[in-house]
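Student: quick one, structure for this:
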Amino acid sequence: MSETKIISLNSKELADISQVGGKGYSLIKLSSLNLNVPPGIVLTPKNNECQIILNKIKDWSLNNLVLSSSDKQDIEDNLKKLFPDDYNKILYAVRSSSPEEDLAGASFAGNYETYLGTQFDLLEEFILKSFISCIDYRVFKYKLEKGFTASDIKIAIVIMKQVNCDVSGVGFSINPLNNDYDEAVITSNFGLGESVVGGIITPDEYIVNKISKKVITEKLGSKDKIVKLNEDNGTSVLEQNSENQKKSSLSKEQIIQIVDKIIVIENSYNVPIDIEFGIENDILYILQARPITTYNKLPEEFLTKPNEQRQLYFDVTVGVQGFEEPMTTFGSDMFKLVFIQWETNTRY
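Tutor: A predicted model of the protein is given here:
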């Protein structure tokens, strides 16, 4: 594959994750599924001299880093193609995208930087800040914990149109509380999703059966804060009005729409996933998707098909006084005979 410097999120060809990073790869994949992804571009690690500078960062500060004039022109030209009439007037989200993040075994959630509500004239500053985030001590610590090479510094940058969300949140294709594969869980709040993903508030929570689309549980959170875009640049955390605190942030129709998208994405990834979403003017945008890394993966033979009667499995070694050693073959056979006899006696 050619080493393109800038790749569109609407690219028909799924780029290599080493070029666009985990977040960029996910957004391009979501777009290829005909899901509503905000338009934007990815600056690959080969986009400019910043990558070389980062490897010598101990001798530099952010004030020393600049984009070359050709790089700035490339970025401007690509944004002009996407937004010919107002590329220099709209706000952008600038998001770090590492080749190592959002993988099945490592999410890097919260370690790399995202800058919301960025004006066009300030893009260079926040692109550079996003590059710098890949040498944060938290990133190195997490890399070492997950077995990555800490010395390999590589980062891509996503620049996408900022969605001024009326409502936003997170969705899970599996219930993380009980490991139920047939249940989706959605948490949401009014405004931008940072109040939810950042744990600023207690969000609304909806548990939905993915097969029947029935809302099993609807629990309203306090939602006492809301994150909104500033008129000039960035975001602010504001007090939520009392009316919004008392009402559901999502309608039943919106809940089902989100669950439908979760199912499409999970089927494409073929593993349980979580997503970030935003709704502006009743239009649902998918802002991110990644494999869930913290759930109990069941063996294939233990899984029941969707909507079929569940089977209960009893672990004797754990349930009966907690065996400290695995049972022998003879011991397993004896317990099997006991259970068969018990089943026969209780049946008749």
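Student: low-confidence ranges in the stretch 51-200 of the chain?
Tutor: 51-66, 100-112, 133-153 (pLDDT under 70).
Student: which stretches in it count as helices?
Tutor: Using DSSP state H, counting those that start in this stretch, the helices of the stretch 51-200 of the chain run over residues 69-82, 123-132, 137-146, 194-197.
Student: so can I have JSON lines of those helices showing mean neighbour count and distance to Pro176?
Tutor: C-beta: built from backbone N, CA, C; applies to glycine. Formatted as JSON lines, those follow (neighbours: other C-beta atoms under 10 Å; distance: least, C-beta to C-beta, whole Å):
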{"stretch": "helix 69-82", "mean neighbour count": "15", "distance to Pro176": "36"}
{"stretch": "helix 123-132", "mean neighbour count": "21", "distance to Pro176": "29"}
{"stretch": "helix 137-146", "mean neighbour count": "14", "distance to Pro176": "20"}
{"stretch": "helix 194-197", "mean neighbour count": "22", "distance to Pro176": "14"}
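Student: could you dump those to CSV with distance to Ala15?
Tutor: Below are the helices of the stretch 51-200 of the chain laid out as CSV (distance: least, C-beta to C-beta, whole Å):
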stretch, distance to Ala15
helix 69-82, 14
helix 123-132, 18
helix 137-146, 22
helix 194-197, 25
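Student: so what's Ile200 up against?
Tutor: 194, 225, 227, 237 (C-beta atoms under 8 Å, 6 or more residues apart in numbering).
Student: CA atoms only for the strand or helix carrying Val338, dumped as PDB, please.
Tutor: In the assignment (DSSP states H and E), Val338 maps to helix 329-347. C-alpha atoms of helix 329-347 as PDB (Å, rounded to 0.1, in the frame of the first residue of the first chain):
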ATOM      1  CA  THR A 329     -10.700 -38.200  35.600                       C
ATOM      2  CA  PHE A 330     -12.000 -40.800  38.000                       C
ATOM      3  CA  GLY A 331     -13.300 -38.100  40.400                       C
ATOM      4  CA  SER A 332     -15.100 -36.400  37.500                       C
ATOM      5  CA  ASP A 333     -16.700 -39.700  36.400                       C
ATOM      6  CA  MET A 334     -17.900 -40.400  39.900                       C
ATOM      7  CA  PHE A 335     -19.500 -36.900  40.200                       C
ATOM      8  CA  LYS A 336     -21.100 -37.400  36.800                       C
ATOM      9  CA  LEU A 337     -22.700 -40.700  38.000                       C
ATOM     10  CA  VAL A 338     -23.900 -38.900  41.100                       C
ATOM     11  CA  PHE A 339     -25.600 -36.200  39.100                       C
ATOM     12  CA  ILE A 340     -27.100 -38.700  36.600                       C
ATOM     13  CA  GLN A 341     -28.600 -40.600  39.600                       C
ATOM     14  CA  TRP A 342     -29.800 -37.400  41.200                       C
ATOM     15  CA  GLU A 343     -31.500 -36.300  37.900                       C
ATOM     16  CA  THR A 344     -33.200 -39.700  37.600                       C
ATOM     17  CA  ASN A 345     -34.500 -39.700  41.100                       C
ATOM     18  CA  THR A 346     -35.900 -36.100  40.900                       C
ATOM     19  CA  ARG A 347     -37.500 -36.800  37.500                       C
END
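Student: appreciated, that's everything.
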